[in-house]
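**Q** After the sequence you'll find the predicted model.
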Amino acid sequence: MDITLYNSFPVELKENWNRLLSNGVSHFPFLRYEYLEDWWQTRGGGEWPLEAELAILAAHEAGELVGIAPLFIAEHQGQKCLLLLGSIEISDFLDLIVSPDRLADFSQALLQYVTEHFVPLGIKTLDLYNLLDDSPSIESLTSAAASAGFKVNRERLQHSPFITLPGDWERYLESIDKKQRHEIRRKMRRAAEGDVLVEMVFTSDANQVEQDAEAFMSLMAQDPEKAAFLKPEMREQFRRSIRRAFDCGCLQLAFLKIGGEDAAAYLNFDYLNRVWVYNSGVDRRFMEYSPGWVLLGHLLKWANENGRSEFDFMRGNEDYKYKFGAVDRFVDRLTLTK
C-alpha cells in the first residue's frame, strides 16, 4: 500500500474520492470532496488560521485508490498536530475514507507513514474529532496504535440525537410521547387554521440559491449567539456549502412562510435517504405561531411521506430534539500520540 501526501486539493482524485466514500466505512455529506475543499478555502469559516497546512494522505494499491486520510496540520491545544479536515465546529461527523475490507491495512499504513514522515518533524499526534461512536475506524486505529507504539485516548464529545422514521406520518406521531404528539398537532393545526397563509417552501430554483442563503442567515442572526457565530468568514462558508449542496442535489433549504414572509427556516442535507439537520433560524415577530416547531413538524411529515429512513439532528442535546422523539448516539474524539 503506497501512500502519497498532497499539500493541495488533488483534483485528479475528485471522482474516485467520492466513489470511495460511497463504499466507505462512514459516509457523510461532510466527507465529500466538494464540501471539504470549500471548508479548506475558508479554513472552516475562520476557525483555523491561514497558516494551517494541508496534509491529505491517499493510499493506492496497484494504481487503485483504496484509502484517504483527509488531514491538515495546525497548532491545537499547545502543540502541532494532524487533524481531520472539517474539524471541529461546523462538520458534525468526520472519519477516514476507506472501504471496510481495507480499513485494517490502511490504519496500519497511516500510522507507519505518520511515524516515518511527521514524527521526525515534531508532529506526534493524530487528533481525530467528530467520529461517530460506532465508527469502525475507532477500533481499527486503536488496534493499529498498539503495535505502532502510539498512546490512545478516547473521549466522548457530544450527544447526536436522531429519529428512525417509520415511513408514515401518523405512525411516527404515535411513536412519540403523547403530550408531545398533542403539542405538535396542536401547533401545526393552529398555524394552518389562522387568518394568514402558512406554507413550507423549498429552495428549488438555481437562480434563487444565493438570495435564499442570505435570507436564511438573516433568520439565523436574530439569535444573538448565532449572530456572533456568523462572522464574515463563516457567512462565506455557509454560502459555499449551500451552493455546493444545491449543485450536488442534496440541499434541503426549507422556509416557513407566514403571510408571504419568512418566519422560520431549516438548512438540512437530503442525502443518502436521510435528512441531516444542520442549522435553523426564526423571525421573532412570528413567535405566536411557533414557527420553528411548525416547520420542523412539516419537515418530519415530508420525510416520512417521501420515504426517508432517518431524521438526523446531528450534534447537540437540545431539548426540542427529544420532544420530537429522537434517541441518542454519540460523537467521540480519538487521540493517538507517539
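**A** Yep, it's here. Residues are numbered from 1 along each chain as shown.

**Q** Quick check: can you list the domain ranges of this protein?
**A** Residue ranges for the structural domains of the chain, counted by automatic domain parsing, are given in the record as 2-158+333-337, 162-312.

**Q** a markdown table please, covering those domains and showing distance to residue 321, mean pLDDT and mean neighbour count.
**A** Where C-beta positions appear, they are placed from N, C-alpha and C, glycine not excepted. Compiled in a markdown table, the domains of the chain are given as follows (distance: least, Cβ to Cβ, whole Å; pLDDT from 0 to 100; neighbours: other Cβ atoms under 10 Å):
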| stretch | distance to residue 321 | mean pLDDT | mean neighbour count |
| --- | --- | --- | --- |
| domain 2-158+333-337 | 12 | 97 | 18 |
| domain 162-312 | 9 | 97 | 17 |
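
**Q** Relative to residue 324, which of these is closest?
**A** Nearest of these to residue 324, taken as Cβ to Cβ: domain 162-312 at 6.6 Å.

**Q** so residue 128 makes contact with residue 85?
**A** No. Proximity of residue 128 to residue 85 does not meet the contact threshold set by Cβ atoms under 8 Å, at 11.1 Å.

**Q** Now do the shared contacts for these two.
**A** When contacts are counted by Cβ atoms under 8 Å, 6 or more residues apart in numbering, residue 128 and residue 85 have residue 94 as shared neighbours.

**Q** Closest to the centroid, which residue in this protein?
**A** The geometric centre of the chain, computed from its C-alpha atoms, lies nearest to residue 92 (Cα atoms, centre = their mean), at 3.8 Å.

**Q** Quick one: end-to-end length of stretch 308-317, please.
**A** 22 Å (Cα to Cα, to the nearest Å).

**Q** With stretch 313-328 instead?
**A** With Cα to Cα as the measure, stretch 313-328 spans 10 Å from end to end.

**Q** Give the buried residues for it.
**A** If you call a residue buried by 16 or more other Cβ atoms under 10 Å, then stretch 313-328 has these buried ones: 313-315, 321-326.

**Q** Now tell me what touches it from outside.
**A** Contacts of stretch 313-328 with the rest of the structure, by Cβ under 8 Å, 6+ apart, involve 92-93, 130, 157-163, 172, 175-177, 180, 183-184, 276-278, 292-293, 296, 300, 311, 331.

**Q** at 7 Å what do you get?
**A** Contact with stretch 313-328 is made by 92, 158-163, 175-176, 180, 276-278, 296, 300, 331, as judged by Cβ atoms under 7 Å, 6 or more residues apart in numbering.

**Q** with these in mind, which one is nearest to residue 32?
**A** Nearest to residue 32, judged by Cβ to Cβ, of the contacts of stretch 313-328 is residue 276 at 12.1 Å.

**Q** from the middle of its chain, how far away would whichever strand in the chain runs longest be?
**A** Assignment by DSSP state E gives strand 64-76 as the longest strand of the chain. Here strand 64-76 shows a centroid-to-chain-centroid distance of 17 Å under the convention Cα atoms, centre = their mean, to the nearest Å.

**Q** How about stretch 141-150?
**A** Relative to its parent chain, stretch 141-150 has a centroid offset of 28 Å by Cα atoms, centre = their mean.

**Q** would you put the C-alpha positions of it in CSV?
**A** As requested, C-alpha coordinates have been extracted for stretch 141-150 and formatted as CSV (Å, rounded to 0.1, in the frame of the first residue of the first chain):
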residue,chain,number,x,y,z
LEU,A,141,-6.9,2.7,14.7
THR,A,142,-6.8,1.7,18.3
SER,A,143,-5.6,-1.8,17.3
ALA,A,144,-3.0,-0.4,14.9
ALA,A,145,-1.8,2.0,17.5
ALA,A,146,-0.9,-0.8,19.9
SER,A,147,1.5,-2.3,17.5
ALA,A,148,2.8,1.0,16.2
GLY,A,149,3.7,2.4,19.7
PHE,A,150,1.0,5.2,19.8
